[in-house]
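[1] Requesting a structural model of the entry that follows:
(chains A and B)
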Amino acid sequence: MIEILNVVKKFKTNGANFKTAVNDVTFSIRRNEIFGLLGTNGAGKTTILKMLTGQIQPTAGKIFYDGKTFNENLFEIKKMLGVVPQHINFDQELTVEENLELHARLYGMEKIERQNRITELLDYMELAEYRNYNVRKLSGGMKRRLLIARALIHRPKIIFLDEPTVALDPQVRRRIWNLIEELAKNGVTIVLTTHYIEEAENLCNRTAIINAGKLIAENSPVGFCESLGKFTVESADTFKFFHDKESAEKAASLLENSKVRQTKLEDVFIELTERGKNL
Amino acid sequence: MVAPLLYLTAFGWGLGRSVQLQSGTYLDFIVPGIMALNSMNIGFHSIISVHAERVYHKSLEEYLISPIDPKSFLTGKILGAVLKGLISSVIIILTALIFGANLTLSAELFFVLALNTVIFAEVGFYAAMRLATYEEMAQVNTYILLPMSFMCGTFFSTATLPEGLRFFINCLPLTHASQLLRSLTVGGSILFDSLLILAIFAALGFFLSLKALKKCQED
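    Residues are numbered from 1 along each chain as shown, chains lettered A, B, ... in the order given. Next up, the predicted model:
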């Protein structure tokens, strides 16, 4: 559905100097999957997301949506996309309903359709009673749900979520995860960036790990763990990975204060980003 | 809006009625200047909220992501400023008429007011796209708009200025807006040179604002 081919993004810093934020990245996103872009802060996830949503142009490389680039079909592609930004970016002077109304108008929705969809989404996000509240009066979790509602209003086929649960408490985070899973079940393709490994592990069908602007690996969370070794022997600050439990237990018996556990995506992430190991 | 009305009251009604010029009262002279500076201020100030939308609220992003042509977005913002500029101009004109000013009103007069508002809305938009802080935006007002308000033939004729300064002042759009409005309010003809200069400023402003809007997406 989305093909990202050899994409590079450079930003001008001082004078003639450039900083490479994204360096020759190639991957694809399939229809109806939850795809995670995983990386540390400043890895280049948001820059990739901005290129995928047409906000910025790649310096080199191409992005295809069903075989078409933004240059060929800008507005039609934009209509297919919903974007949930990392920061709260509502019009602060408007109410909950007015913010949704504005967004629906920007996407050219007819009046009746707009009104029905706003009511439907406010019910779905359990925000109906706050319809006429100024957005400033909402809590952090409510604002986050409203951002998702806004992104959904024009019935996009693909939703991009940039760090959707950053700075939220565990209950609200769990609720957002449930919402994302429901959207995926309803046939929406989800692309999310996160630096919460647990989030990617719980939600994503596939993840790409980005480090210093480069894509260093792409797999399913389970696939990543299996390729590194399903079992981890943890002792003090050392980690060893094994493909079978017997070998892991044997190794653990030789180490003091060690334990055997299932390998987590977090282990893979640390292994790949900090130790530069290739899987 | 408040400042132009105060200028009108103090310099026009208070002082101007007792000062007689060759062409009429000082009130008649000052009203077109105040209309020009008012349309400049309204044009600039009614569009600079887009700076907060870009820097603080980040809500500009919402428009940039949506399937809206940046030209349409910019045009919409400018037309909003023009509407506000024309409404406030009508208030200034009505107040001036109540104070006893002799004004000839015409469609050309409102066209020039709209054109002047467009130019300064574009100045405001460009600044809002390029400047980082609210303090920098305030400096545009202090160091560009405020001197222009007083120097560009609004309160006195530029003919009395030294030649070098007069040349510089004649390069500024507000001078031409003042001259055009002054000619039109006394029933004179439209000054095509001044109109052409304003049109060039408006076209250049649109081009630069559009470029700045596209560039801010990259930041």
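
[2] Contact residues of chain B facing chain A?
    Proximity of chain B to chain A is confined to B:53, B:57-59, B:61-68, B:217-218 under the rule Cβ under 8 Å from any Cβ of the partner chain. Every residue, glycine included, has its C-beta placed from N, CA and C.

[3] from these, which two are the most distant?
    With Cβ to Cβ as the measure, no two of the residues of chain B next to chain A lie farther apart than B:H57 and B:P67, at 21.2 Å.

[4] and B:I190, what is it in contact with?
    Contacts of B:I190 were listed using Cβ atoms under 8 Å, 6 or more residues apart in numbering or on different chains, and they are B:E108, B:V112, B:L180, B:S183, B:L184.

[5] Out of these, which is nearest to chain A?
    Using Cβ to the nearest Cβ, B:V112 comes nearest to chain A of the contacts of B:I190, at 31.8 Å.

[6] how close does that closest one sit to B:V118?
    Per Cβ to Cβ, to the nearest Å, B:V112 is found 11 Å from B:V118.

[7] Then A:K250?
    On the measure of Cβ to Cβ, A:K250 and B:V118 end up 80 Å apart.

[8] which one of these two has more residues nearby?
    B:V118 (25 against 13; other Cβ atoms under 10 Å in any protein chain shown).

[9] Find the nearest non-adjacent residue to that one, please.
    Leaving aside its sequence neighbours, B:V118 sits nearest to B:A202 (Cβ to Cβ, 6 or more residues apart in numbering or on different chains; 5.0 Å).

[10] Surely the one you found touches B:T117?
    No. B:A202 lies out of contact with B:T117 (Cβ atoms under 8 Å); the separation is 9.8 Å.

[11] okay, the two: which has more neighbours?
    Neighbours of B:A202 and B:T117, each counted by other Cβ under 10 Å, are more numerous for B:T117; the result is 31 against 21.

[12] Could you look up the SS state of that one?
    Here B:T117 takes the helix state, with states given by DSSP: H, G, I helix; E, B strand; the rest coil.

[13] and it, what does it touch?
    Neighbours of B:T117 in contact, by Cβ under 8 Å, 6+ apart: B:S39, B:M40, B:I42, B:G43, B:A81, B:V82, B:K84, B:G85, B:L86.

[14] Quickly find the element holding the last one.
    Secondary structure from DSSP states H and E places B:L86 in helix B:70-98.

[15] So for that helix, mean pLDDT?
    When pLDDT is averaged along helix B:70-98, the result is 93.

[16] Which residue ranges of the stretch 151-279 of chain A form strands?
    All strands of the stretch 151-279 of chain A, identified by DSSP state E, counting those that start in this stretch, fall at A:158-162, A:189-194, A:206-211, A:214-219, A:231-235, A:238-242, A:258-262.

[17] nearest to chain B, of those?
    Short answer: strand A:158-162, nearest of the strands of the stretch 151-279 of chain A by Cβ to the nearest Cβ, at 9.3 Å.

[18] quick one, helices of chain A?
    A:45-52, A:70-80, A:96-106, A:111-124, A:140-152, A:170-185, A:197-203, A:221-228, A:245-253, A:265-274 (DSSP state H).

[19] In the longest one, which of the residues would be classed as buried?
    Taking 16 or more other Cβ atoms under 10 Å in any protein chain shown as the basis for neighbour counts, the residues of helix A:170-185 that come out buried are A:V172, A:R173, A:R175, A:I176, A:W177, A:L179, A:I180, A:L183, A:A184.

[20] The fifth one now?
    Neighbour counts using 16+ other Cβ under 10 Å place A:G141, A:M142, A:K143, A:R144, A:R145, A:L146, A:L147, A:I148, A:A149, A:R150, A:A151, A:L152 of helix A:140-152 among the buried residues.

[21] Show me what it is packed against.
    Secondary-structure packing of helix A:140-152 (3 or more Cβ pairs under 8 Å, 6 or more residues apart in numbering or on different chains; DSSP states H and E): strand A:81-84, helix A:96-106, helix A:111-124, strand A:158-162, helix A:170-185.

[22] Which one of those has the poorest average confidence?
    helix A:170-185 (a mean of 85).

[23] could you check the angle strand A:189-194 makes with that one?
    150 degrees (axes from the mean of the first three to the mean of the last three Cα atoms, to 10 degrees).

[24] if I look at A:K50, how far off is B:E122?
    27 Å.

[25] Those two: which is more packed in?
    For A:K50 versus B:E122, the count of surrounding residues by other Cβ under 10 Å is larger for B:E122: 28 against 24.

[26] Just say helix, strand or coil for that one.
    With three-state DSSP as the criterion, B:E122 reads helix.

[27] What is the burial count for the nearest residue to it once chain neighbours are set aside?
    The shortest distance from B:E122 to any residue that is not its chain neighbour, by Cβ to Cβ, 6+ apart, is 3.0 Å, and that residue is B:G205. B:G205: 21 surrounding residues under other Cβ under 10 Å.

[28] Was I right to think B:C152 contacts B:L174?
    Yes. Between B:C152 and B:L174 there is a contact under Cβ under 8 Å: 3.8 Å.

[29] Overlap in contacts, these two.
    B:A36, B:L37.

[30] and stretch A:124-133, how far out from the chain's middle?
    25 Å (Cα atoms, centre = their mean, to the nearest Å).
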